[in-house]
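Asks: return a 3D structure for these sequence lines:
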Amino acid sequence: MKKLMNAFSLNMLADLPAQPLFEEIKLEGVRIELADGFESTVGHPDTADVYTNVIGMKVPCVRSTVSLKKGDVAIIGQYRGPRLPEGAKQLPEGATIQWLRMTV
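Replies: Residues are numbered from 1 along each chain as shown. Now for the predicted structure:
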């Protein structure tokens, strides 16, 4: 099952060396990728709420340890903008999310 993430760290790779491939995708591609279900690893409630509104499907806040193996696929939303205000549900003015599909 694909993982939806809001961050990536080398610590998330179960086996090294590895060559993760990052491909930028558009929002509609994110919706298609996640349509059959996904595991949320978005660990901040406000970020999960913003993703819920942007993507248009419920993104639960789940604080978990991520371990990605060869062949795993993750969708990463890279937030770009000012710090999210507490209780945010929408992207602040001037903020964007860059969507990436990562295959290990």
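Asks: Arg101 sits in which helix or strand?
Replies: Per DSSP states H and E, Arg101 falls inside strand 96-103.
Asks: quick one, helices of the chain?
Replies: 27-34, 45-55 (DSSP state H).
Asks: just the buried residues of the longest one, please?
Replies: It stands for helix 45-55. Asp46, Thr47, Ala48, Asp49, Val50, Tyr51, Thr52, Val54, Ile55 (16 or more other Cβ atoms under 10 Å). For the C-beta atoms, the positions are set from N, CA and C on the backbone; glycine is no exception.
Asks: now pLDDT and distance to Asp36 too, for those, in TSV please.
Replies: Shown next, in TSV, are the buried residues of helix 45-55 (pLDDT from 0 to 100; distance: Cβ to Cβ, whole Å):
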residue	pLDDT	distance to Asp36
Asp46	94	26
Thr47	95	23
Ala48	97	20
Asp49	96	23
Val50	96	23
Tyr51	97	17
Thr52	97	18
Val54	96	19
Ile55	97	14
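Asks: list the buried ones in stretch 59-74?
Replies: Quick answer for stretch 59-74 (16+ other Cβ under 10 Å): Val59, Cys61, Val66, Leu68, Asp72, Ala74.
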